[in-house]
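1. What would the 3D arrangement of this be:
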Amino acid sequence: MFLAVLLGLLFVSTAVALEPGDTLWTRTYGGDEEDYAECVRQTSDGGYIIAGYTGSVFFFDVYLIKTNDTGDTMWTRTYGGSDDDYAYSVDQTTDGGYIVTGMTNSFGAGDWDIYVVKTDANGDTLWTRTYGGSSSECSWAVQQTTDGGYIIAGYTMSFGAGGDDVYLVKTDANGDTLWTRTYGGDESETGRSVEQTTDGGYIIAGRTESFGTGTWDFYLVKTDANGDTVWTRPFGGTDYDHCNWVQQTADGGYILAGETQPNWIEKIYLVKTDGNGDTVWTRIYQENDGSAYSVDQTADGGYIVAGYKVGFGGPDVYLLKTDPNGNTLWTRGYGGTFFFDEAKSVQETTDGGYIVAGYTYGAGGSDVWLLRLVGEAPEPDVSIEIVPDDPPVTVPQGGSFGYTGSLTNNIEDPQVSDAWTMAVGPQKETYGPFKMRNDVPLGPYQTRTADFNQHVPNLAPLGFYSYIAYCGDYPSTAIDSSFFQVEVIAGAPGGGEDIGWVLMGSFSEGETDLPSEFALLSNYPNPFNASTVIEYQLPTSSSVKLEVYNLLGSKVATLVNGEQEAGYKSVTWGASEVSSGVYFYKLTAGDYTETRRMMLVK
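-> Residues are numbered from 1 along each chain as shown. As a prediction, this is how the structure comes out:
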C-alpha cells in the first residue's frame, strides 16, 4: 500500500498536466423526450442542483436534478400541471432545500405567470406560488435574500409603462408578496438576472428598447432595499445588444454578459462597470460567432463565461476565460459536429474548477448536459523548486550531482511541510524517497534554500532519469513538485563500495546529514537478474540484521549481522546461487522491523 501511494503521487506529478478547461467528466440526464438545463449551482454537500424543463414538443414540466460531486443522480423531480411549465433559475436555500423559478401556463391569473416552487432538501414540494396579472409574465432569476425571503426578476406585460417591463418581486420566506416593482419606458424591457448587492439593494440586468442607442441595449438597474431606483444604465451601440447575466464583483462593481450583433452576426459581449454603473471596460469577442448566457467572477479576479459558439452543423458549448481586464486567457468548445449544444450556466466550484450546464443531443433529442471542467491551478500554499548546479546533468554510475533546493511558504501564516525526492528510471521504475524531511518549519512568506548532493549507485541502470522533489504531507498529498533530467552513464569498473541513492543536505538549519528515522527502502532493480541493491537508513547506531527469505519462509541469505553506525546504508545481494522466484528481505535494527518483497528473474 505504501508503494502504491508513492507510485500514485509520482504518476500524478509526472503525467501530462491537465490544462484549464479540460474535461474531468460529463453527464447527460433525460428520457425519451426533450430535456433542457437552464441553471446549475454547486450545493453545500459538494454536489450540484440543476434546473430546467422536460417533456415533449407539446408540453413541458419543470425539471430538477440533484447529483453528487461526481455527477451521479441522487434524485430527480418534475413540477407543473396540464400545460407548459418551465424553470430558468435555482438557488439552494439556507434550510438545505431549493427555490426554483420560471413560468407556468398551467396555473395563475393570466396567459403566462411567474412560477416559483420551494422544495425541501429531497426535492419534495413545500409550497408553490404564481405572480402576475391578466397578461403574460415570466421569471428568469431567483435568489434567497439575507432576510430569508426571495427576490425574483423577469418581465411583465400586465403592469408597467410599456409593452413589457422589467418586473421585480420581493417575497417573504413563505413566498408571500412584500412588494413588486416595474422598470422601463414606452417600449419593451426584460429582466434576465438579479442579485442582492452588498448594500442590501438589488442589481437587475436585461435588455431595453426604450433607452440607449440601438434597437436593443443592455439594461442595468440598481435599486435600494425597497426596490426603488437608485440609477439605471444602458450599454451598447447601434446594433442589437442583449444582456443575460449580471454579477456584483469583488471591487463593488458589476460584470454583465450577453451578446451584440454587429452586422447581424452574434458576438459575445462583456461590460465591466464600477459601483455607480459607469463603464470600466467593454469587450466584444470576435473569434467566434455566438452568445454568453452566464458569467462568474473567479478566484483569480478574472471571469469565466459560458454560452455557445456557432460551429459546423450548429452551436457548440463555449467557454471563455478572461483576466480581470477582460483579456482572453483561453477558450474551449465542447459538443458534437452535427448537433446543437449550448451552455446556459457556469459556476466556479469550491476547488477552483468549473461546473457547466446546458443541453446536448442525446437519447430523446435534447438531453441535459453537465460538464465538470478543470480550473486554473492556484499557487500552492507551499512550493518547492530544485535547480541543478551544472545542467544538463550527466553523472557516471557511482558518481554524484549537486543542486540547489528552495522550499517556500506562500502565505502569511507560519506552517510546516514535508519534503522528499524520488527518481523515475529509464524503464519508469521508481527509486526513493531519498532522505525525506518531516515538518520543515516555514515562517510567513519564508523561503528556505539549501545545497544538496545526490549520490548515484554503482549499479544504477544506464539512461535518462527524472529527478523529482515534492513538498506536502508525506505520503498522502503532494502539494507541489519540481524536477530536472539526469543522464546516468557507465562508471569506472570496480567503483568501490556502493552506498546507494544517498542524498546529502537539508532545508532544516542545524540539522545533521543523518536520517531522521529508520527506513527500509525498495530494492533496485526490481525485478532483477543476478543481483540487486537493498538500501536502509539508521538514525542512530544500532544492532542490524538484514536477511533474505524465500516464499516458504526459509532463510536463504544473511547480508548484515552486527553493529553499524548511523547513516545511509546499501548492500548488494548476489543471487546467482538461488532460483527464480519471489523473495523477501527483512531488516531488524533495534526495535525496528520491516519486510519488503522482491522478484528474481533468470
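2. how close does the most centrally placed residue in the chain sit to residue 375?
-> Centroid-nearest residue in the chain, with Cα atoms, centre = their mean: residue 353, separated by 2.3 Å. Distance of residue 353 to residue 375, computed by Cβ to Cβ, to the nearest Å: 4 Å. Every residue, glycine included, has its C-beta placed from N, CA and C.
3. What sits closest to residue 551 if chain neighbours are left out?
-> residue 582 (5.5 Å; Cβ to Cβ, 6 or more residues apart in numbering).
4. Do you know the pLDDT at the residue of the chain positioned farthest from its centre?
-> In terms of distance from the mean C-alpha position of the chain, residue 577 ranks first, at 54.4 Å (Cα atoms, centre = their mean). The per-residue pLDDT reported for residue 577 equals 87.
5. and if you look at residue 24?
-> What the model reports as pLDDT for residue 24 is 89.
6. which element is it on?
-> Using DSSP states H and E, residue 24 maps to strand 23-29.
7. got the contact list for that strand?
-> Strand 23-29 is contacted from outside by 18, 35, 50, 65, 67, 70-73, 76, 334, 353, 360, 362-363, 367-374, using Cβ atoms under 8 Å, 6 or more residues apart in numbering.
8. Tell me which residues of the strand or helix carrying residue 435 come out buried.
-> Assigning secondary structure by DSSP H and E places residue 435 in strand 430-442. Under the neighbour-count criterion of 16 or more other Cβ atoms under 10 Å, strand 430-442 has 430-437, 440, 442 buried.
9. nearest to residue 348, of these?
-> In terms of Cβ to Cβ, no member of those lies closer to residue 348 than residue 442, at 28.5 Å.
10. pretty sure that closest one is touching residue 419, no?
-> No: contact criterion Cβ atoms under 8 Å: residue 442 and residue 419 do not qualify, at 10.4 Å.
11. joint contacts of the two?
-> Taking Cβ under 8 Å, 6+ apart as the contact rule, residue 442 and residue 419 both touch residue 407.
12. show me where this protein has helices.
-> For the chain, applying DSSP state H gives helices covering 2-14.
13. quick one: low-confidence ranges for the protein?
-> Low-confidence segments of the chain, defined by pLDDT under 70: 1-18, 57, 311-314, 336-339, 362-364, 493-497, 509-513.
14. Kindly report the domain assignment for it.
-> Here the domain parsing of the chain from automatic domain parsing is 1-20+379-513, 514-602.
15. Look up how far residue 584 lies from residue 531.
-> Residue 531 sits 17 Å away from residue 584, going by Cβ to Cβ.
16. So between the two, which is more surrounded?
-> Between residue 531 and residue 584, residue 584 has the larger neighbour count (other Cβ atoms under 10 Å), namely 16 against 13.
17. Pretty sure that one sits against residue 599.
-> No: the pair residue 584 / residue 599 is not scored as a contact, 10.6 Å apart, by Cβ under 8 Å.
18. List the contacts of stretch 567-580.
-> With Cβ under 8 Å, 6+ apart as the criterion, stretch 567-580 contacts 435, 457, 459, 498-500, 502-503, 514-515, 523, 528, 530-538, 544, 546, 548, 550, 556-557, 559-560, 583, 585, 600-602.
19. Can you give me the neighbour number for the residue lying closest to residue 84 once chain neighbours are set aside?
-> Distances taken as Cβ to Cβ, 6+ apart place residue 105 nearest to residue 84, at 4.6 Å, with adjacent residues excluded. Residues within reach of residue 105, counting by other Cβ under 10 Å, total 20.
20. From here on, call the first residue 205.
-> With the count now opening at 205, the last piece we talked about shows up as residue 309.
21. Just read off the phi/psi values of residue 309.
-> phi -110, psi 0 (degrees, to the nearest 10).
22. Could you double-check that it lies in contact with residue 284?
-> No: assessed by Cβ under 8 Å, residue 309 is found out of contact with residue 284, at 9.1 Å.
23. how far away is residue 622 from residue 704?
-> For residue 622, the distance to residue 704 equals 21 Å [Cβ to Cβ].
24. Give me the more crowded residue out of the two.
-> Neighbour totals were compared for residue 622 and residue 704, and residue 704 leads with 26 against 22 (other Cβ under 10 Å).
25. Not counting sequence-adjacent ones, nearest residue to the more buried one?
-> residue 774 (3.1 Å).
26. Run through the bridge partners of the nearest residue to residue 451 once chain neighbours are set aside.
-> Distance criterion Cβ to Cβ, 6+ apart; nearest residue to residue 451, sequence neighbours excluded, is residue 459 at 5.4 Å. Beta-bridge partners of residue 459, counted by DSSP bridges, are residue 451, residue 476.
27. And for residue 459, the neighbour number?
-> 23.
28. Also residue 547?
-> With other Cβ under 10 Å as criterion, residue 547 counts 29.
29. wait, doesn't it sit right on residue 562?
-> Yes: using Cβ under 8 Å, residue 547 makes contact with residue 562 at a distance of 4.0 Å.
30. ok, which stretches of the stretch 205-354 of the chain are strands?
-> Along the stretch 205-354 of the chain, the segments classed as strands by DSSP state E, counting those that start in this stretch run 227-233, 238-246, 252-259, 264-271, 277-283, 289-296, 302-308, 317-323, 329-335, 341-348, 354-360.
31. Run through the neighbouring helices and strands of the third one.
-> Spelled out, that is strand 252-259. strand 238-246, strand 264-271, strand 289-296, strand 302-308, strand 558-566, strand 569-577 (3 or more Cβ pairs under 8 Å, 6 or more residues apart in numbering; DSSP states H and E).
32. Centre of the chain to that strand, how far?
-> A distance of 23 Å separates the centroid of the chain from that of strand 252-259, by Cα atoms, centre = their mean, to the nearest Å.
33. hey, C-alpha coordinates of it in PDB?
-> Backbone C-alpha positions of strand 252-259 (Å, rounded to 0.1, in the frame of the first residue of the first chain) are rendered in PDB as follows:
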ATOM      1  CA  TYR A 252     -24.900  20.000  -7.900                       C
ATOM      2  CA  ILE A 253     -28.500  21.100  -8.400                       C
ATOM      3  CA  ILE A 254     -29.700  21.600 -12.000                       C
ATOM      4  CA  ALA A 255     -33.000  23.300 -13.000                       C
ATOM      5  CA  GLY A 256     -34.600  23.200 -16.400                       C
ATOM      6  CA  TYR A 257     -37.600  21.500 -18.100                       C
ATOM      7  CA  THR A 258     -38.500  18.200 -19.500                       C
ATOM      8  CA  GLY A 259     -41.300  16.900 -21.800                       C
END
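34. what about residue 771, neighbour count?
-> When neighbours are counted by other Cβ under 10 Å, residue 771 comes out with 16.
35. and it, how far is that from residue 604?
-> 16 Å.
36. need the buried residues of strand 634-646 in TSV with distance to residue 479, can you?
-> Listed next are the buried residues of strand 634-646 as TSV, based on distance: Cβ to Cβ, whole Å:
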residue	distance to residue 479
634	55
635	58
636	54
637	52
638	55
639	54
640	51
641	49
644	44
646	38
